[in-house]
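Participant: structure for this input, please:
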Amino acid sequence: MGREARRSYDLGQVEIVPSRRTRSSQEVSTAWQLDAYRFEIPLITHPTDAVVSPASAVTVGKLGGLAVLNAEGLWARHADADGALARVVEAAESDDPAAAVRLLQELHAAPIQPTLLAEALRTVREAGVTVAARVSPQRARELTPDLLAAGVEILVVQGTIISAEHVSGGEPLNLKEFIASLDVPVVAGGVGDYRTAMHLMRTGAAGVIVGYGESSATTTDEVLGIGVPMATAIVDAAAARRDYLDETGGRYVHVIADGGMTGSGDLAKAIACGADAVMLGEQLADAADSPGGGLYWTSSVAHPSLPRSEVTGFGPGERSLEEVLFGPSSSPYGTVNLFGALRRAMAKTGYSDLKEFQRVGLTVRG
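Facilitator: Residues are numbered from 1 along each chain as shown. Now for the predicted structure:
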């Protein structure tokens, strides 16, 4: 009595409704554009060292997506980041289930070295693909000048939960003032509700991340008790985008779904709920060219006192990253050819591009 709880839905509880029209998948475009940057597939990588190294960032960029390097990760702290990752793989294979988490905490206790960060980003920049990096709200003011000097073209300010004003013991980060001071587009998140999404849009962010990277590795719900099922969270953020578009007379902010997706069907449903792009991590981890050697974790694993991710995985797969994204596939479970499946879902429901597909009918399982 005296309290209300809203019924909300995961992507697994939502289904896409076929329409009266179908079309060839060859006539479907999965391209999208963030500010001045065009991408052939609506993919942003979750900024974790398990998936994104300078080399894999180049691969993702050449395949048409956007890879985001973690500017507070191993590549910014250790000259031999590959060696550090090998130690994590070895720890994960031990009999102690917490050994890999302790090692990642230890590795992240090393200071961030701007020269190492610049070198990692230089590799991406010289390959001719879009350069993007992630910072936490707590360190955004400190690290952004070095990132801009290194050639970052898209800045991602991401935490488990983010707000328009981060309050701490020092000077708070006012995102509106911070974004206004930059000449590059900023993507910020994660959020889980309409009001926070609207607040972030009003800061001038080019994109808003919905979710916190929920996956088999994340433990945020167990540790903090915080979470919103992704279908509801995406729909609410898309409603904020529509209202903000009306409020500003035409400024469009992209909605990026991060987490709560298992395979290609969930990816398609995230777009159908209103996302412009998806942020994938776990789905890419077992690619043969993934830097984590088949393991997966999120950046919150390294929190010094309250980690909210474990290290999961079963070893490197045999498929390349290109095969995971575009096939061909021999798996009937939606874990390979992710964006080929998205094209097929759009074609089977008669839509030719992502913006049209956001209008597809949805049902909720009883």
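
Participant: quick one: mean pLDDT for the longest helix anywhere in the chain?
Facilitator: The single longest helix within the chain, with elements called by DSSP state H, is helix 230-248. For helix 230-248, mean pLDDT is 98.

Participant: show me the shaky parts of the chain.
Facilitator: 160-172 (pLDDT under 70).

Participant: burial count for Glu318?
Facilitator: For Glu318, the neighbour count with other Cβ atoms under 10 Å is 8. In this view, the C-beta of every residue, glycine as well, is placed from N, C-alpha and C.

Participant: oh sorry, the question was meant for Pro97
Facilitator: 10.

Participant: quick one, what contacts the nearest residue to it once chain neighbours are set aside?
Facilitator: Leaving aside its chain neighbours, Pro97 sits nearest to Glu310 (7.8 Å; criterion: Cβ to Cβ, 6 or more residues apart in numbering). Shown in contact with Glu310 (Cβ atoms under 8 Å, 6 or more residues apart in numbering): Pro97, Val101, Ala217, Thr219, Trp297, Val301.

Participant: how much space between Gln33 and Asp49?
Facilitator: Using Cβ to Cβ, to the nearest Å, Gln33 is found at 28 Å from Asp49.

Participant: neighbour count winner among those two?
Facilitator: For Gln33 and Asp49, the more surrounded residue by other Cβ under 10 Å is Asp49, and the numbers stand at 29 against 10.

Participant: three-state assignment of that one?
Facilitator: coil (DSSP: H, G, I helix; E, B strand; the rest coil).

Participant: surely it touches Gly293?
Facilitator: No - using Cβ atoms under 8 Å, Asp49 makes no contact with Gly293, being 11.2 Å away.

Participant: what is in contact with those two at once?
Facilitator: Leu85.

Participant: what about the nearest residue to Ser300 once chain neighbours are set aside, how many residues nearby?
Facilitator: Among residues not flanking Ser300 along the chain, Arg308 sits closest, at 4.1 Å (Cβ to Cβ, 6+ apart). If you count neighbours by other Cβ under 10 Å, Arg308 ends up with 21.

Participant: distance of Arg308 relative to Lys269?
Facilitator: Distance from Arg308 to Lys269, by Cβ to Cβ: 25 Å.

Participant: what's the answer for Arg139, then?
Facilitator: 34 Å.

Participant: more neighbours: these two, which one.
Facilitator: More crowded of Arg139 and Lys269, by other Cβ under 10 Å: Lys269, with 26 against 14.

Participant: surely that one touches Ala231?
Facilitator: Yes - using Cβ under 8 Å, Lys269 is in contact with Ala231, at 7.0 Å.

Participant: so what sits against both of those two?
Facilitator: Leu11, Val14.

Participant: quick check, nearest of the contacts of Glu310 to Leu11?
Facilitator: Lowest distance from Leu11 to these (Cβ to Cβ) belongs to Ala217, with 17.7 Å.

Participant: what helix or strand does Glu15 sit in?
Facilitator: strand 14-16 (DSSP states H and E).

Participant: strands paired with whichever helix or strand comes after that strand, and their directions?
Facilitator: Using DSSP H and E, the helix or strand that follows strand 14-16 in sequence is strand 32-34. According to DSSP bridges, strand 32-34 has the following sheet partners: strand 37-39 (antiparallel).

Participant: list the buried residues in the next helix or strand along the chain from the partner strand.
Facilitator: Going down the chain from strand 37-39, the next helix or strand is strand 43-45, by DSSP H and E. Neighbour-count burial for strand 43-45 flags Leu43, Ile44, Thr45 (criterion: 16 or more other Cβ atoms under 10 Å).

Participant: then stretch 44-61?
Facilitator: Buried residues in stretch 44-61 (16+ other Cβ under 10 Å): 44-54, 56-61.

Participant: likewise for stretch 231-243?
Facilitator: Result for stretch 231-243 [16+ other Cβ under 10 Å]: buried residues Ala231, Thr232, Ala233, Ile234, Val235, Asp236, Ala237, Ala238, Ala240, Arg241.

Participant: stretch 192-209 now?
Facilitator: Across stretch 192-209, burial judged by 16+ other Cβ under 10 Å covers 192-194, 196-209.

Participant: nearest residue to the middle of the chain?
Facilitator: Met279 (2.9 Å; Cα atoms, centre = their mean).

Participant: excluding chain neighbours, what is closest to that one?
Facilitator: Asp258 (3.8 Å).

Participant: checking the one you found next. Helix, strand or coil?
Facilitator: Taking three-state DSSP, the label given to Asp258 is strand.
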